[in-house]
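Visitor: kindly generate the corresponding structure for this input.
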Amino acid sequence: MLSRQEVSGNKPGAGDPLQTLAPGLTDGPGDGSRSRLMEKTHDESSRRKVAILYHSKGLSGICRDGSRPRSGCRESHPQAKLRGPVEANLWRCGICGLTDPMALLSVLISPWAPAAVLVAVVAFYLYPYLVTFGSHRGIPAPFGAQFSNFWLLSACRRGKRYELVDNIHKKLGPVVRIAPNHISIADADAIQAIYGHGNGFLKSDYYDPFVSIHRGVFNTRNRAEHSRKRKIVSHTFAPKSVLEFEPYIRQNLELWVKQWDSIVKRSPKKDGSADLDCLNWFNYVAFDTIADLAFGKPFAAGADIAEVKATPTSPAIYAPACEIMNRRGEVSATLGCVPWLKPYAKWLPDPFFSQGLQAVENLAGIAIARVSERLERPQDGTRKDLLARLMDGRDEKGEPLGRAELTAEALTQLIAGSDTTSNSSCALLYNVVRTPGVLQKLQEEIDAAFPGDDTVPTYEQVKHLPYLGHCINETLRYHSPSGIGLPREIPPNSRGVTLQGRYFGPGTVLSVPTYTIHHSTKVWGPDADDFKPERWDTVTNEQKNAFIPFSHGPRSCVGRNVAEMQMRLIASTWIKRYGVVLRQEIMETREGFLRKPMGLEVAISRR
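Guide: Model (predicted):
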């Protein structure tokens with residue numbers, strides 16, 4: 001035990017050091033030694049010396065100011081009745097607000113320290129879920145989803161989020177919690193309330209991991225900034241502007257047809273057919289078409305390759321474009337469940353994350369390389385494509401998009417215009433061919449509207465074909481481009497919203513699961529899980545309102561007109577020219593942000 005001289009650092013005979021440090025000390029119990037509590041000192045070093053002696057005597061019961069507990073202080077807290085050293089010190093540190101490091105030290109060196117630290121960490125983590133999100137505790141949820149966003153991240157990592165959420169709704173009802181603060185509502189009446197105009201809802205932080213070069217119209221969360229961007233971008237996709245894109249779309253479709261004709265011609269089969277994976281070819285034609293529109297030049301005329309640059313002046317490298325697109329979508333959608341994880345994800349042991357984040361960089365590099373090339377190339381003003389329209393766009397102040405914004409918007413169109421078109425075109429072919437009678441009916445309609453020998457029809461020839469339109473709509477319902485519920489956050493200055501008889505306050509994240517709504521027997525009838533184009537002959541208003549393949553409201557897809565044009569031209573081209581036989585019964589899918597087929601083996605032949 002330290003002597004008084006050792007504690008004070010004074011020599012013997014220099015007076016009573018404890019009286020010097022803390023006058024008014026009285027003899028403590030036990031061995032009769034003079035162990036006293038200091039009333040108050042402003043000398044931190046002296047205070048620590050007294051604390052050493054104090055703890056060496058095994059005393060307890062110190063309050064914030066260093067004195068013995070005030071009358072009623074300990075008794076005012078039930079925890080104060082605990083006499084163990086860990087409990088006493090935890091009480092002193094937490095309830096009375098002690099900041100004395102010696103009390104903390106006594107906890108940390110206790111045999112119970114690991115348990116105490118574990119309890120503290122768990123309590124710290126669970127506090128916001130038990131208190132901040134306490135109002136959601138009555139909503140049914142999978143056990144893991146009640147406490148952590150990692151439950152949803154795990155579902156996304158496996159590529160089956162839409163299926164899992166759909167199964168949960170079937171089991172637990174129309175209102176379920178899929179994360180501590182994320183409520184999924186499988187009710188078509190909630191679509192307008194959550195996504196409609198005038199409600200002020202915000203895109204949640206789910207969209208933050210999708211940002212690479214600069215925020216674009218897709219991942220901008222600020223409402224004012226989104227309005228500015230959408231004003232510039234939306235005129236690009238006006239019906240009149242879209243018609244100017246048709247020559248570029250048809251030109252790329254003609255190249256695609258030449259490739260398929262060549263494959264059929266080289267086939268050694270006696271029946272004149274050739275086997276191929278049609279998903280790859282839909283990827284190529286959609287990717288080349290949108291690259292031509294967005295950057296003024298297709299990538300590789302039917303090859304999975306693209307130039308990548310980290311900056312406009314960086315040397316070029318080449319990477320598989322379609323693979324980059326797939327990985328980018330999957331990793332961004334997964335990290336969207338836990339946005340703060342993105343800066344650290346590349347160090348996770350699962351290569352899914354490191355490879356996916358590299359794909360994010362490579363995809364940004366594709367946009368940088370192509371926009372730089374286009375801006376450096378002299379323009380005569382005759383080419384009217386997406387990039388030209390974006391370059392001409394102005395906000396309400398008359399300001400154009402900056403270079404980073406321009407590149408980000410071109411990248412957004414590349415992603416949205418290629419993946420959705422290729423996935424939906426593949427799903428349409430699969431469902432049309434496997435459903436008895438549908439392909440024959442389509443061939444009859446298209447042959448009548450497009451009787452000539454031209455390779456690709458004009459949009460005017462096919463844009464009003466009713467049965468083709470029914471097949472496209474049924475494909476977008478049955479195989480939704482994105483099956484997840486797009487998350488929206490109730491803004492902080494909002495009154496909140498009441499849905500399904502339950503109130504949701506500001507800060508709550510809500511979504512309507514697209515796949516579940518599109519397969520709801522309540523909306524679509526008992527045959528909701530069947531591919532049935534004829535249902536669109538007598539579609540009801542309820543069904544129209546529940547049909548959201550391009551989302552709904554002010555944040556819906558701005559490129560819908562281009563997507564519909566592409567799908568009509570692609571479908572009518574292969575239906576007119578080729579016979580198709582499926583080589584596989586089931587088309588497997590995997591989900592990133594979009595629901596993507598894993599491949600589709602078919603045999604094609606000239607009609």
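Visitor: how about the strands in the stretch 51-200 of the chain?
Guide: 175-179, 182-185 (DSSP state E, counting those that start in this stretch).
Visitor: swap in the chain?
Guide: In the chain, strands defined by DSSP state E lie at 175-179, 182-185, 202-203, 274-277, 306-308, 317-319, 488-489, 497-499, 502-504, 509-511, 578-582, 589-591, 595-597, 601-606, listed in chain order.
Visitor: could the strands of the stretch 51-200 of the chain go into JSON lines alongside mean neighbour count and distance to Ala115?
Guide: Placement of C-beta: from N, CA and C, glycine included. Converted to JSON lines, those look like this (neighbours: other CB atoms under 10 Å; distance: least, CB to CB, whole Å):
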{"stretch": "strand 175-179", "mean neighbour count": "23", "distance to Ala115": "29"}
{"stretch": "strand 182-185", "mean neighbour count": "26", "distance to Ala115": "32"}
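Visitor: export stretch 243-262 to PDB, keeping only CA atoms.
Guide: Only the C-alpha atoms of stretch 243-262 are listed here, as PDB (Å, rounded to 0.1, in the frame of the first residue of the first chain):
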ATOM      1  CA  LEU A 243     -38.900   9.600 -82.400                       C
ATOM      2  CA  GLU A 244     -35.600  11.200 -83.400                       C
ATOM      3  CA  PHE A 245     -33.900   8.200 -81.700                       C
ATOM      4  CA  GLU A 246     -35.600   5.600 -84.000                       C
ATOM      5  CA  PRO A 247     -32.900   5.600 -86.800                       C
ATOM      6  CA  TYR A 248     -30.200   4.700 -84.300                       C
ATOM      7  CA  ILE A 249     -32.300   2.000 -82.700                       C
ATOM      8  CA  ARG A 250     -33.200   0.400 -86.100                       C
ATOM      9  CA  GLN A 251     -29.600   0.600 -87.300                       C
ATOM     10  CA  ASN A 252     -28.400  -1.500 -84.300                       C
ATOM     11  CA  LEU A 253     -31.200  -3.900 -84.700                       C
ATOM     12  CA  GLU A 254     -30.200  -4.500 -88.300                       C
ATOM     13  CA  LEU A 255     -26.600  -5.400 -87.200                       C
ATOM     14  CA  TRP A 256     -28.100  -7.800 -84.600                       C
ATOM     15  CA  VAL A 257     -30.200  -9.500 -87.300                       C
ATOM     16  CA  LYS A 258     -27.100  -9.900 -89.500                       C
ATOM     17  CA  GLN A 259     -25.400 -11.700 -86.700                       C
ATOM     18  CA  TRP A 260     -28.300 -14.100 -86.100                       C
ATOM     19  CA  ASP A 261     -28.700 -14.700 -89.800                       C
ATOM     20  CA  SER A 262     -25.000 -15.600 -90.000                       C
END
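Visitor: pull out the buried positions in it.
Guide: For stretch 243-262, a neighbour-count test (16 or more other CB atoms under 10 Å) marks 245-246, 248-250, 252-253, 255-257, 259-261 as buried.
Visitor: and stretch 331-342, by the same measure?
Guide: Val331, Ser332, Ala333, Thr334, Leu335, Gly336, Cys337, Val338, Pro339, Leu341, Lys342.
Visitor: those residues in helices, which ones?
Guide: Under the assignment DSSP state H, those contribute Val331, Ser332, Ala333, Thr334, Leu335 to helices.
Visitor: the last one and Lys342 touch, don't they?
Guide: In other words, Leu335. Yes: using CB atoms under 8 Å, Leu335 is in contact with Lys342, at 4.9 Å.
Visitor: joint contacts of those two?
Guide: Residues touching both Leu335 and Lys342 comprise Pro209, with contact defined as CB atoms under 8 Å, 6 or more residues apart in numbering.
Visitor: got the angle for the biggest helix by length in the chain vs strand 601-606?
Guide: Across the chain, the longest stretch assigned as helix under DSSP H is helix 403-434. Put simply, helix 403-434 runs at 80 degrees to strand 601-606, going by axes from the mean of the first three to the mean of the last three CA atoms, to 10 degrees.
Visitor: how close does the closest residue to Gly356 other than its chain neighbours get to Arg158?
Guide: Computed as CB to CB, 6 or more residues apart in numbering, the closest residue to Gly356 that is not its neighbour in sequence is Val331, at 2.5 Å. Going from Val331 to Arg158 by CB to CB, to the nearest Å gives 13 Å.
Visitor: do Met565 as well
Guide: Distance of Met565 to Arg158, computed by CB to CB: 35 Å.
Visitor: between those two, which one's more packed in?
Guide: Legend: neighbour count by other CB atoms under 10 Å for Met565 and Arg158, higher for Met565 (20 against 13).
Visitor: if you skip the residues just before and after it, what's nearest to the more buried one?
Guide: Distances taken as CB to CB, 6+ apart put Tyr459 closest to Met565, at 5.7 Å, once the chain neighbours are dropped.
Visitor: hang on, the earlier thing: any idea which of the strands of the chain is most buried?
Guide: strand 182-185 (a mean of 26; mean count of other CB atoms under 10 Å).
Visitor: quick check: mean pLDDT of it?
Guide: Taken as a whole, strand 182-185 has a mean pLDDT of 98.
Visitor: repeat for stretch 144-161
Guide: 94.
Visitor: okay, buried residues for it please.
Guide: 145-149, 151-153, 155-157, 159-161.
Visitor: residues making contact with it?
Guide: Contacts to stretch 144-161, defined as CB under 8 Å, 6+ apart, come from residues 126, 129, 137, 142, 164-165, 177-180, 182, 330, 333-338, 341, 350, 352, 483-484, 590-592.
Visitor: what of stretch 236-245?
Guide: 235, 293, 384-386, 389-390, 393, 459, 558-562, 565.
Visitor: low-confidence stretches in the chain?
Guide: 1-105, 107-108, 122-134, 300-320, 378-381 (pLDDT under 70).
Visitor: about what we covered before: distance to Ser267 for the buried residues of stretch 331-342 - can I get that in JSON lines?
Guide: Formatted as JSON lines, the buried residues of stretch 331-342 follow (distance: CB to CB, whole Å):
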{"residue": "Val331", "distance to Ser267": "38"}
{"residue": "Ser332", "distance to Ser267": "39"}
{"residue": "Ala333", "distance to Ser267": "38"}
{"residue": "Thr334", "distance to Ser267": "40"}
{"residue": "Leu335", "distance to Ser267": "44"}
{"residue": "Gly336", "distance to Ser267": "44"}
{"residue": "Cys337", "distance to Ser267": "46"}
{"residue": "Val338", "distance to Ser267": "49"}
{"residue": "Pro339", "distance to Ser267": "49"}
{"residue": "Leu341", "distance to Ser267": "48"}
{"residue": "Lys342", "distance to Ser267": "47"}
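Visitor: out of the residues you listed, which is nearest to Ile415?
Guide: Nearest to Ile415 among the buried residues of stretch 331-342 is Ser332, at 9.8 Å by CB to CB.
Visitor: was I right about the closest one contacting Val360?
Guide: Yes: using CB under 8 Å, Ser332 makes contact with Val360 at a distance of 6.7 Å.
Visitor: Gly485 and Gln192: what is the separation?
Guide: 15 Å.
Visitor: just Leu386 next, same as before
Guide: 30 Å.
Visitor: more neighbours: which of the two?
Guide: Leu386 (29 against 15).
Visitor: next one: that one from Met325, what distance?
Guide: According to CB to CB, Leu386 and Met325 sit 17 Å apart.
Visitor: Thr516 now?
Guide: Taking CB to CB as the measure, Thr516 falls 26 Å from Met325.
Visitor: what's around Asn493, how many residues?
Guide: 7.
Visitor: tell me the contacts of it?
Guide: Gly200, Pro506.
Visitor: now it, what are its backbone angles?
Guide: Dihedral pair for Asn493: phi -90, psi 10, per degrees, to the nearest 10.
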